[in-house]
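*Asks:* Using only what follows, build the 3D model:
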Amino acid sequence: MPSKVRIALDAMGGDDGAAVVIPGAAISLRKHRDTEFLLVGDRAKIEPELDRHPELKAASKIVHTEVAVSGSDKPSQALRRGRKTSSMWLAIDAVKKGEADVAVSAGNTGALMAMARFHLRTLPGIDRPAISAIWPTRRGESVVLDLGATIGGDARHLVALAIMGAAMVSVVFDKKRPTVGLLNIGTEEIKGHEEIREAGEMLRAMNLPELEYIGFVEGDGIGKGMADVIVTEGYSGNIALKAAEGTARQMADLLRNEIQRSWFSKIGYVFARKAFQALRDKMDPNKSNGGVLLGLNGLVVKSHGGINAEGFAYAIDVGYEMAHYDLLNKINQMLNREGGALSSVQTAPEDVS
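*Replies:* Okay, here's the model as predicted:
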């Protein structure tokens, strides 16, 4: 464990840039006093925000650039226009140079993945990185991946995701042998695409000591917490994520409307407000913010672009945990155990568009 965790922040990423990033960093610093920050972005926008947080200012260094990646930029455009000059690139570059242990950005997801993959490269045995996130469930929390880094993937890619997800769970939740399930349209072995069925067969045959494969998990099994790790390719994973976020917002709106419908409902809310508050906290997307880009030769965390300061602080906290407990080394150990758990697992590279 490092004595200090050094975090590079893309202070120009997201909908509100430094206005959210700086107060978010101040919130995180209060929880993790052993943190140092590298704030990358326009000094003229960073310094007024930083002056409001003296403790954060004392623990931070500014790297000035006026170049920011646009939310509308395609990955290839971001690489051409923002390479070596943008706040996003320079935050990743700090990880590459060893000046930071992890980079956190709320910027363009495709651009962040493209830049991180291009600059940091992937770990041995991994050709396609993934976005993983902590997902609240009825039993606690699970790690779900891939949530949209790449589209599609063969059986070996899914096995690689399972191994990386298990490594993340072992670090975040301190579980020695996490359970792993493959997201599928049914739990029967004959259901689903061929690559999913093949991945299940491979995981059973490998019988890795670092994870316990439990079989297929249907969509409702994510929220039930049926496995510590839920594995899917990026297309399905992103749809599942957006559907869950939309459902949470819909439930909150419906509940709010029903409470306002009559005096009896309002009186009932007064007596049950603690339960409603607990439910709201459980479903708050701010408290599930922070997707880890797994499979890279360096740590990068993606925050939602429209998040508030509290939510961005959660993404920083995720980055802190990953660096503090040495996730990268843990993944490397699992990938290369006894000559390489994935020595034969090679996934087809996909083009950046």
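*Asks:* Grab the most central residue of the protein for me.
*Replies:* In the chain, the C-alpha nearest the mean C-alpha coordinate belongs to G291, at 0.9 Å (Cα atoms, centre = their mean).
*Asks:* list the contacts for it?
*Replies:* Residues in contact with G291 (Cβ atoms under 8 Å, 6 or more residues apart in numbering) are I131, S132, A133, L147, V301, K302, S303. In this view, the C-beta of every residue, glycine as well, is placed from N, C-alpha and C.
*Asks:* repeat for K31
*Replies:* Counting by Cβ under 8 Å, 6+ apart, the residues that K31 touches are A313, D317.
*Asks:* Quick check: the gap between it and E321.
*Replies:* As judged by Cβ to Cβ, to the nearest Å, K31 and E321 stand 11 Å apart.
*Asks:* Same check on H64?
*Replies:* 29 Å.
*Asks:* just L123 next, same as before
*Replies:* Using Cβ to Cβ, one obtains 19 Å as the distance from L123 to E321.
*Asks:* for T122, same thing?
*Replies:* In terms of Cβ to Cβ, T122 sits 22 Å off from E321.
*Asks:* What are the phi and psi values at I230?
*Replies:* Main-chain dihedrals, I230, degrees, to the nearest 10: phi -110, psi 120.
*Asks:* Number of residues surrounding it?
*Replies:* 28 (other Cβ atoms under 10 Å).
*Asks:* ok, it - contacts?
*Replies:* Applying Cβ under 8 Å, 6+ apart, the residues near I230 are 135, 142-145, 165, 180-183, 217, 221-222.
*Asks:* And those, which is closest to I259?
*Replies:* In terms of Cβ to Cβ, no member of these lies closer to I259 than W135, at 27.0 Å.
*Asks:* Confirm that closest one sits in a strand?
*Replies:* Yes. The assignment for W135 is a strand, going by DSSP: H, G, I helix; E, B strand; the rest coil.
*Asks:* right, and it touches M226 too?
*Replies:* No. Using Cβ atoms under 8 Å, W135 makes no contact with M226, being 11.6 Å away.
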